[in-house]
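Trainee: Sequence and computational prediction follow.
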Amino acid sequence: MADEKPRDILSALTGPRPVDFTTRPVVMGTHGMVTSGHYLATRAGLHILEEGGNAVDAGVATGFALSVLEPYLYGIGGEVPILLYLADMHRVVSLSGQGPAPKAATIEWFKKRGMKNIPGDGLLAATVPDSVSTWITALANFGSMSLGKVLEPAIELAERGFPMYGVLQSALHRNAERFLSDWPTSAEAYLPNGRVPSVGDLFAQPDLAETFKKLVSAEHREIRRGRREALQAARDLFYRGKLAQQIIKFAQGSHPDASGARHNGLLAKKDLEEYSTRMEEPVTTSYRGYDVYKCGPWTQGPVFLQQLNLLEGYDLLALGHNSAEYIHILVEAAKLAYADRERYYGDPDFVKVPLNVLLSKEYAARRRRLIDPEQASLKLRPGNAAAGKPRAKKGNPKVYTGDTTHLDVIDQWGNMLAATPSGGWFASSPVIKGLGFPLGTRLQVFFLDPGHPNSLQPYKRPRTTLTPSLVLKSGRPSMVFGTPGGDQQDQWTLQFFLNCVDFNMNLQEAVDCPNFHSTHFPSSFDPHGAQPGGLVIESRISESTLSVLREKGHNIQVSGPWSNGRVLGIRFDPWTGVISAAASPRMETGYAMGW
């Protein structure tokens with residue numbers, strides 16, 4: 001009737017709206033879940049699960065698809081640290097997905113040429129491309145399908161194309177001029193008819209599709225010898241065969257880089273031939289009944305564990321979520337953990353990293369006493385070493401430090417995979433002619449100081465920022481998660497994990513929450529700049545909270561409301577079999593799917 005108040009029909013049908021709004025629902029099912037940086041890659045992984053594949057099969061398919069869909073973040077010339085939980089073995093495995101420095105890469109080589117840092121782009125910063133080796137190693141040892149099967153979605157996406165989307169288009173616009181002026185092979189690969197495609201245009205990468213097809217053909221030719229032998233044949237084509245020859249020929253050519261000069265790359269045939277992905281034991285700590293696993297100190301991953309050990313001594317719930325007191329404690333803990341990263345972390349094949357001390361609860365208790373609840377520290381304070389103020393230095397605006405993507409998979413059997421692919425992004429290295437992908441530039445994270453634990457040495461792995469996470473509870477599978485974001489990864493994912501564990505949020509609430517990170521310590525990337533006391537906070541944090549943090553001495557930089565991170569995660573309930581997944585709405589395209 002005319003005098004009745006308008007009714008909310010939806011509310012009448014469904015009841016009142018939940019108090020806690022999330023940008024997306026938590027996706028739940030019992031057969032399997034995939035979450036990744038692009039919804040089409042997630043769909044590729046889900047397809048493999050539907051075809052009867054396990055978490056490793058689905059993860060490899062998703063990873064290769066991401067290299068097609070997100071070439072501004074990751075390509076197969078890059079790297080991919082992986083953590084696996086193998087349900088039938090009750091075992092966690094780390095795959096060392098970081099290629100080492102070439103044999104010719106020495107501190108003396110760079111210093112003789114007057115370089116204080118390794119240029120952050122071009123071919124001089126190329127490490128051994130790892131991604132293809134690590135995906136095939138995972139598939140051979142723990143998957144069940146052929147490379148041809150898991151590559152089907154990536155081949156179709158590269159050959160037939162996918163709809164151009166806004167974030168990729170923006171990245172192409174930012175780099176188009178350089179492609180056209182300096183890197184013609186990149187212009188050929190990414191600028192069809194010399195222009196950036198419009199949003200919605202189909203974007204194909206035929207050379208990359210042909211590279212994938214050659215790997216599949218190599219596998220097929222040797223399939224009679226057995227599955228593992230066929231997979232090895234595909235890997236050999238990339239590292240010892242005709243693809244390797246094309247990579248090295250291009251890598252040793254001359255191209256301009258961030259130094260302002262042209263240089264030939266240092267990567268050689270022998271570097272590819274002698275490389276193999278290793279399976280390693282992960283590092284771990286316990287936190288409030290959870291066992292958390294990370295890759296070793298050739299990544300920054302142990303800082304996540306060090307932060308947990310420090311924070312275990314606080315009642316975080318009582319501090320209040322994202323209160324000034326809570327943010328302050330987390331930031332000060334991060335400063336201590338990252339100070340240890342700078343002082344001690346590096347490839348353990350080349351430097352002794354005292355993880356038995358750094359990850360002990362006793363060490364954390366001593367370090368915790370350094371945190372002043374009222375005052376932000378402006379010093380870099382590694383344990384058992386002299387403290388000092390980090391040198392204020394801005395990053396080089398000419399260097400693209402890149403980004404990263406991430407993917408997680410849990411299958412119905414409780415197998416779990418977390419992988420953080422990165423490197424080989426198109427903004428920092430030219431596309432290899434005829435192959436459709438560029439090499440990575442991770443060599444730039446090395447220091448040219450021989451006394452630094454992350455100093456450059458031939459065949460040494462650079463200390464990567466890439467850091468997937470895996471969690472067990474009571475010895476059973478629980479969580480996998482990760483994010484892009486360089487040095488910030490183990491700060492944003494820490495907040496996500498605490499949101500779930502200490503504040504009992506569901507996965508989507510946990511990724512949606514506004515977050516923050518410290519920039520106090522030296523950056524991993526050329527030229528290793530720092531901002532003493534720097535604290536970046538999304539603008540959804542209240543001004544009253546920011547005011548208290550400024551009073552405590554933090555140098556606040558307010559970023560956009562949804563600007564920090566891109567956390568993805570999946571959770572498994574082994575008692576019910578329910579699998580839950582979520583993806584941050586940041587950066588447009590991340591999505592979780594399952595059934």
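Mentor: Cool, got the structure.
Trainee: quick check: longest strand of this structure.
Mentor: Counting residues, the longest strand in the chain under DSSP state E turns out to be strand 476-482.
Trainee: helices and strands around the helix or strand just after it, which ones?
Mentor: Moving toward the C-terminus from strand 476-482, the next helix or strand (DSSP states H and E) is helix 489-501. Helix 489-501 sits against helix 302-311, helix 324-344, strand 469-473, strand 476-482, helix 507-512, strand 516-518, with contacts defined as 3 or more C-beta pairs under 8 Å, 6 or more residues apart in numbering; DSSP states H and E. The way it works is simple: take the backbone N, C-alpha and C, and place the C-beta from them, glycine included.
Trainee: so how far is helix 489-501 from its chain's centroid?
Mentor: 14 Å (C-alpha atoms, centre = their mean, to the nearest Å).
Trainee: need the helices for the stretch 201-350 of the chain, in chain order.
Mentor: 206-221, 227-239, 242-251, 269-273, 302-311, 316-319, 324-344 (DSSP state H, counting those that start in this stretch).
Trainee: Quick one: closest of those helices to Gly296.
Mentor: helix 302-311 (7.3 Å; C-beta to C-beta).
Trainee: dump the residue contacts of the nearest residue to Glu374 once chain neighbours are set aside.
Mentor: Sequence neighbours aside, Lys552 is the residue nearest to Glu374 in space, at 6.3 Å (criterion: C-beta to C-beta, 6 or more residues apart in numbering). Counting by C-beta atoms under 8 Å, 6 or more residues apart in numbering, Lys552 makes contact with Ala324, His328, Glu374, Gln375, Ala376.
Trainee: pLDDT wise, what is Lys552 at?
Mentor: Note for Lys552: predicted pLDDT of 98.
Trainee: again, but for Phe21
Mentor: 86.
Trainee: And it, how close does it get to Glu588?
Mentor: Applying C-beta to C-beta, to the nearest Å, the value for Phe21 to Glu588 is 19 Å.
Trainee: So for the two, which residue has more residues nearby?
Mentor: Glu588 (15 against 9; other C-beta atoms under 10 Å).
Trainee: Where does the closest residue in space to the more buried one that isn't next to it in sequence sit: helix, strand or coil?
Mentor: Leaving aside its sequence neighbours, Glu588 sits nearest to Val167 (C-beta to C-beta, 6+ apart; 5.0 Å). Here Val167 is helix, with the state taken from DSSP: H, G, I helix; E, B strand; the rest coil.
Trainee: what number of residues lie near Val167?
Mentor: Quick note: Val167 (other C-beta under 10 Å) scores 15 neighbours.
Trainee: Kindly report the same for Asp207.
Mentor: Counted with other C-beta under 10 Å, Asp207 comes out at 18.
Trainee: and what of the one 5 residues further on?
Mentor: Around Phe212 sit 27 other residues, with neighbours defined as other C-beta under 10 Å.
Trainee: go on, Gly32?
Mentor: Gly32 has 26 nearby residues by other C-beta under 10 Å.
Trainee: repeat for His220
Mentor: His220 has 15 nearby residues by other C-beta under 10 Å.
Trainee: and it, what is it in contact with?
Mentor: Gly148, Ala230.
Trainee: Which pLDDT value goes with it?
Mentor: 98.
Trainee: Next: Pro16.
Mentor: Value listed for Pro16 in the pLDDT field: 47.
Trainee: do Phe521 as well
Mentor: For Phe521, the predicted pLDDT is 94.
Trainee: quick one on the thing from earlier: please name the strands paired to the longest strand of the chain in the sheet, noting orientation.
Mentor: Here strand 476-482 is paired, per DSSP bridges, with strand 469-473 (antiparallel), strand 568-572 (antiparallel).
Trainee: Out of the ones you listed, the one nearest Phe64 is which?
Mentor: strand 568-572 (17.3 Å).
Trainee: returning to what we had before: let me know which of the strands paired with strand 476-482 is tucked in deepest.
Mentor: strand 568-572 (a mean of 29; mean count of other C-beta atoms under 10 Å).
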